[in-house]
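Engineer: Structure of the sequence below:
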Amino acid sequence: MLLFVFVLQQSKAWDMAVVNDFIKKPNMKHASIGIKVVEVSSGTVICSYNDQLSLCPASCLKLVSSAAALELLGPDFTYKTVLFTDGVVDSRGVLQGNIYIKGVGDPTLGSEFIDVEPEKFMNQWITDMEKSGIKSVNGKVIALDGLFAYEGVSSKWIWADIGNYYAPGIYGISIFDNMYRLTLKSGASGTSPEILGWVPAEVSLKFENNLKAAANDIDSAYIYGEPFSPKRRIFGTIPRNKPSFVIKGDIPDPGLFLASYFTRMLKKSGILVSGEASSGRIENIHPAEKKILSHTISPDLKEIIQVVNFRSNNHYAEHLFRKIGSEDKVTGFWKSKGLDTDGLFMYDGSGLSPVNAVSVDFLTSLLRYMAIKSKYAEVFYQSLPCAGKEGTVKGFLKDTSLGGNARVKSGSMGGVMSYSGYVARYGKKYAFSVIVNKYNGPQSTVRRQIEQLMVGLFDNP
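Structural biologist: Predicted coordinates:
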């Protein structure tokens, strides 16, 4: 404690008055707040307020899952999706047997965040099949999508999120980010917008449209729907008098969809398939790999976690979380590294569940561990977007003294605002975490107040 007071007395930049001003703002009257700043190399605590209090971190939880994935799998880890058959090719070029797509939990197949040509990997599969002499298939395409079983969504996610693009089901097979785009046409206020169509059009969907047009520019539409069901219900509002307005939802059965989509691509290329597409969930089979027809290698993990942290991508984060074994494996890993995990309550890998909780002490300890003990310190550091310049924090701290000098992960949901990462100042590196739960007023106000807090803590005296 004496060291803490001494440090504060030596620098106006770390004056506790800045923290007091923040926590006493009227919109923070009912809020739960955690703040901590630690000098990375020495571990000296520069500022601390409620550092043991477990708070909902929203997407800042991605720091926990992405760092664990990097440590456990390594930056060069890749997924390998395999196309194989249990049959043989006869003298006429007919494959007597099925084609299987062996899902390994790769979230990047056809992803718009990785590939500029979403169908590129499937075109390669077709080319490799043609090289094997296959002219037609007396069988069907089956997607083996059961790697993570079939509970695609967390039991701790809320109903309002399930069915939307940011809360897709997570299975052994992912395709096109498990996402479709629905185009609507709206008229006068209070009228029901018309559904014009969706992309990919091949996704099997049936909509109950409860949307209304409204006199504002806010997208307040929500798509509700269960995993594997084509039935989708749309509620909320979209802006009025829009000839074309796009909202996004999740593909309900990505394994079956990929099998169907690939079957159509085969037929389009001249390779006829006799049977209907299917999936491991439907067939419940475990075929032998008689012949490998093709495979697809994902980008390496360092590129994947950059998408997770730059774009706050729930889809990628959840796939990594399940790959490394979910909450027990993640919590156990950090405990084995000497971090106090008692304040970590982790029910998913993305931070989407409102019952996730973590202390700012744990987050700053994790950030410090990754900076001074991890073999992959620089990879992790570079996976965080630069505040004021890029990613989800492009506008955060912009035009302040900290803009360009901080690597930051942000998080937000109803009543939650959080920022955690690194600040480079005075020739040193600092790990920080700020989490606010149950504030009053708009998000924009709290964001501005956190910016003022950060500048007050780190600006030159």
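Engineer: So which residues of the stretch 1-150 of the chain form strands?
Structural biologist: For the stretch 1-150 of the chain, the strands defined by DSSP state E, counting those that start in this stretch cover 32-39, 45-49, 80-85, 88-89, 94-96, 99-102, 136-138, 141-144.
Engineer: quick check, Arg281 in a strand?
Structural biologist: No - using DSSP: H, G, I helix; E, B strand; the rest coil, the assignment for Arg281 is helix, not a strand.
Engineer: List the buried residues in stretch 114-123.
Structural biologist: The neighbour-count check on stretch 114-123 (16 or more other CB atoms under 10 Å) flags Ile114, Pro118, Phe121, Met122 as buried. Where you see a C-beta, it was placed from the backbone N, CA and C, and this is true even at glycine.
Engineer: For Gly395, state which of those residues is nearest.
Structural biologist: For the buried residues of stretch 114-123, the closest approach to Gly395 (CB to CB) belongs to Ile114, at 24.8 Å.
Engineer: show me what contacts the closest residue to the closest one other than its chain neighbours?
Structural biologist: In space, and not counting its chain neighbours, Ile114 is closest to Thr108: 4.6 Å by CB to CB, 6 or more residues apart in numbering. The contact partners of Thr108, taken as CB atoms under 8 Å, 6 or more residues apart in numbering, are Tyr79, Ile114, Asp115, Ser174, Ser298, Pro299, Ile304, Tyr316.
Engineer: Looking at these, which one is closest to Pro26?
Structural biologist: Using CB to CB, the contacts of Thr108 come closest to Pro26 at Tyr316, 38.3 Å.
Engineer: after the one helix or strand the closest one maps to comes which helix or strand?
Structural biologist: Following DSSP states H and E, one finds Tyr316 within helix 314-323. The element immediately downstream of helix 314-323 (helix or strand, assigned by DSSP H and E) is helix 326-336.
Engineer: Output the contacting helices and strands for that next one.
Structural biologist: helix 62-73 (3 or more CB pairs under 8 Å, 6 or more residues apart in numbering; DSSP states H and E).
Engineer: so where do the helices sit in the stretch 301-450 of the chain?
Structural biologist: Using DSSP state H, counting those that start in this stretch, the helices of the stretch 301-450 of the chain run over residues 301-311, 314-323, 326-336, 360-372, 377-383, 443-458.
Engineer: Nearest the geometric middle of the protein, what residue?
Structural biologist: Asn314 (1.8 Å; CA atoms, centre = their mean).
Engineer: OK, contacts around that residue?
Structural biologist: If you count contacts by CB under 8 Å, 6+ apart, then Asn314 has Ser59, Tyr166, Ala167, Pro168, Ser350, Gly351, Leu352 around it.
Engineer: how close does it sit to Ala58?
Structural biologist: Distance of Asn314 to Ala58, computed by CB to CB, to the nearest Å: 11 Å.
Engineer: Return every residue with contacts to both of the two.
Structural biologist: Common contact partners of Asn314 and Ala58 (CB under 8 Å, 6+ apart): Gly351.
Engineer: can you list the domains in the chain?
Structural biologist: 2-75+301-458, 78-299 (automatic domain parsing).
Engineer: after whichever strand or helix holds Arg233, next one along is what?
Structural biologist: Per DSSP H and E: Arg233 is located in strand 231-239. Sequence order places strand 245-250 as the next helix or strand after strand 231-239, per DSSP H and E.
Engineer: can you list contacts of that following strand?
Structural biologist: Residues from elsewhere that reach strand 245-250, judged by CB under 8 Å, 6+ apart: 163-165, 167-169, 178-186, 193, 205, 219, 221, 223, 225, 232, 234, 238-239.
Engineer: Just the buried ones among those, please.
Structural biologist: Of the contacts of strand 245-250, these count as buried by 16+ other CB under 10 Å: 163-165, 167-169, 178-180, 182-184, 186, 193, 205, 221, 223, 225, 232, 234, 238-239.
Engineer: Show only the entries of these found in strands.
Structural biologist: Met179, Tyr180, Leu182, Thr183, Leu184, Ala221, Ile223, Arg232, Ile234, Ile238, Pro239 (DSSP state E).
Engineer: What number of residues are in the vicinity of Ile292?
Structural biologist: Counted with other CB atoms under 10 Å, the burial measure for Ile292 works out to 13 neighbours.
Engineer: Excluding chain neighbours, what is closest to it?
Structural biologist: Leaving aside its chain neighbours, Ile292 sits nearest to Phe84 (5.0 Å; criterion: CB to CB, 6+ apart).
Engineer: What about that neighbour, how many residues nearby?
Structural biologist: Neighbours of Phe84 (other CB under 10 Å): 20.
Engineer: List the contacts of it.
Structural biologist: Taking CB under 8 Å, 6+ apart, one finds Ile99, Tyr100, Lys102, Glu289, Lys290, Lys291, Ile292, Leu293 in contact with Phe84.
Engineer: And the second one, how close does it get to Arg407?
Structural biologist: Looking back up the chat, that one is Tyr100. When Tyr100 is compared with Arg407 (using CB to CB), they lie 42 Å apart.
Engineer: neighbour count winner among the two?
Structural biologist: Tyr100 (26 against 21).
Engineer: For the more buried one, name its beta-bridge partners.
Structural biologist: Counting by DSSP bridges, Tyr100 forms beta bridges with Phe84, Ile142.
Engineer: Residue numbering should commence at 305 henceforth.
Structural biologist: All set: I'll call the first residue 305, so the last point we hit is now Tyr404.
Engineer: hang on, isn't it packed against Thr385?
Structural biologist: No - applying CB atoms under 8 Å as the test, Tyr404 and Thr385 come out as separate, 10.8 Å apart.
Engineer: Alpha carbons of stretch 341-358, as CSV, please.
Structural biologist: Extracted in CSV, the C-alpha atoms of stretch 341-358 (Å, rounded to 0.1, in the frame of the first residue of the first chain):
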residue,chain,number,x,y,z
VAL,A,341,-3.4,-0.5,-14.2
VAL,A,342,-0.2,-2.5,-13.7
GLU,A,343,3.3,-1.7,-15.0
VAL,A,344,4.1,-4.8,-17.0
SER,A,345,7.8,-5.5,-16.4
SER,A,346,7.8,-4.9,-12.6
GLY,A,347,4.2,-5.8,-11.7
THR,A,348,3.9,-2.5,-9.8
VAL,A,349,0.2,-1.7,-9.3
ILE,A,350,-0.3,1.9,-10.5
CYS,A,351,-4.0,2.1,-9.9
SER,A,352,-6.6,-0.2,-8.5
TYR,A,353,-10.3,0.0,-7.7
ASN,A,354,-12.5,-3.0,-7.0
ASP,A,355,-9.9,-5.2,-8.6
GLN,A,356,-11.3,-8.5,-7.1
LEU,A,357,-14.9,-7.8,-8.1
SER,A,358,-16.2,-10.2,-10.7
